[in-house]
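J.: here are the coordinates; sequence isn't available:
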C-alpha cells in the first residue's frame, strides 16, 4: 500500500525556505517517493523523486528518512510562483498513487 | 518537444451523448495514462497503456473506454456518462512502462474539463 499523508495546507514567506512533510509508513522497499506540484488550472508537474538517499535538483531537495517512513520536500527559497498544491506520491512507476496534497501559500 | 497535448480543453455533454477525449505526445514515450481529478481532490489513476497495450484498468466503469491507436496517441471514449463523471481528465506519458524499475517522471497535459449534464 503506497498511501501517503500530508498536511492540508502550509504558509510560507517569500524568499524563505519551505519544508513540506510527507508520511509514507507503508511504502514498499522498492517503491520510489515522488513529488509533483499542481498550479491552478494546470496539470501536475514533476518536482523530484528518490528511493533512499537525499536528492537535489534545480527545483528542490528531497530528504528521505533513514527508515523511509517519511520524507520532506525542501524548497530553498520560496517564490510567489511556487504557490501550488504539492503532492507526495507513492507506488511503483506506472501505478502512482497521489496523496491528498498540501496547498502551499506564499506571502510576499 | 516536452508537451502532452489534450483536446478539447472543455467539453459539455449530455448523458446520452458519445464523445471522445484525445491526448498526443511526441517525446517517444511508451507509457500513457489517464487520470481523473475531481475538484480539490488529487488525481486518481484510471488506465495505463504500456507499449500500446492496456496494462492497468483501475476498475473503471465501462462507460469509459480507452484506446491507444499508436505510441503517440491516447483516446478516452465516453458514452452514457453520469453527472458525477464531471471532472478534469488528465493524460500523462512517461518513457517506459509499468513496474518498479521505471522511475521516470510523468509528463502531464493540462487536462480536459468535462461537464456532464
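T.: Done, it's in. Quantities reported herein were computed from a predicted structural model and do not represent experimental measurements.

J.: Name the strands paired with the one helix or strand in chain B whose mean pLDDT sits lowest and say parallel or antiparallel.
T.: Counting by mean pLDDT, DSSP states H and E, chain B has its least confident helix or strand at strand B:53-57, which shows a mean of 91. Using DSSP bridges, strand B:53-57 pairs in its sheet with strand B:44-50 (antiparallel).

J.: Specify the beta-bridge partners of the spatially most central residue of chain B.
T.: The centre of chain B sits closest to residue B:34, judged by C-alpha atoms, centre = their mean, with a distance of 2.5 Å. Beta-bridge partners recorded for residue B:34 (DSSP bridges): residue B:47, residue B:91.

J.: Show residues contacting the least confident helix or strand of chain B.
T.: A:94-95, B:45-49, B:66, B:68, B:97-98 (C-beta atoms under 8 Å, 6 or more residues apart in numbering or on different chains). Where you see a C-beta, it was placed from the backbone N, CA and C, and this is true even at glycine.

J.: Give me the contact status of stretch A:67-87 with chain B.
T.: Yes: in terms of C-beta under 8 Å from any C-beta of the partner chain, part of stretch A:67-87 sits within range of chain B, namely residue A:87.

J.: Spell out which parts of chain A neighbour chain B.
T.: A:30-32, A:34, A:36, A:41-46, A:49, A:51, A:87, A:92-101.

J.: one more time with 7 Å, if that's ok
T.: A:30-32, A:42-44, A:46, A:49, A:87, A:92-96, A:98-101 (C-beta under 7 Å from any C-beta of the partner chain).

J.: The residue nearest to the centre of chain B: what's it in contact with?
T.: B:46-47, B:66, B:76, B:89, B:91 (C-beta atoms under 7 Å, 6 or more residues apart in numbering or on different chains).

J.: That's all I had, so thanks and see you.
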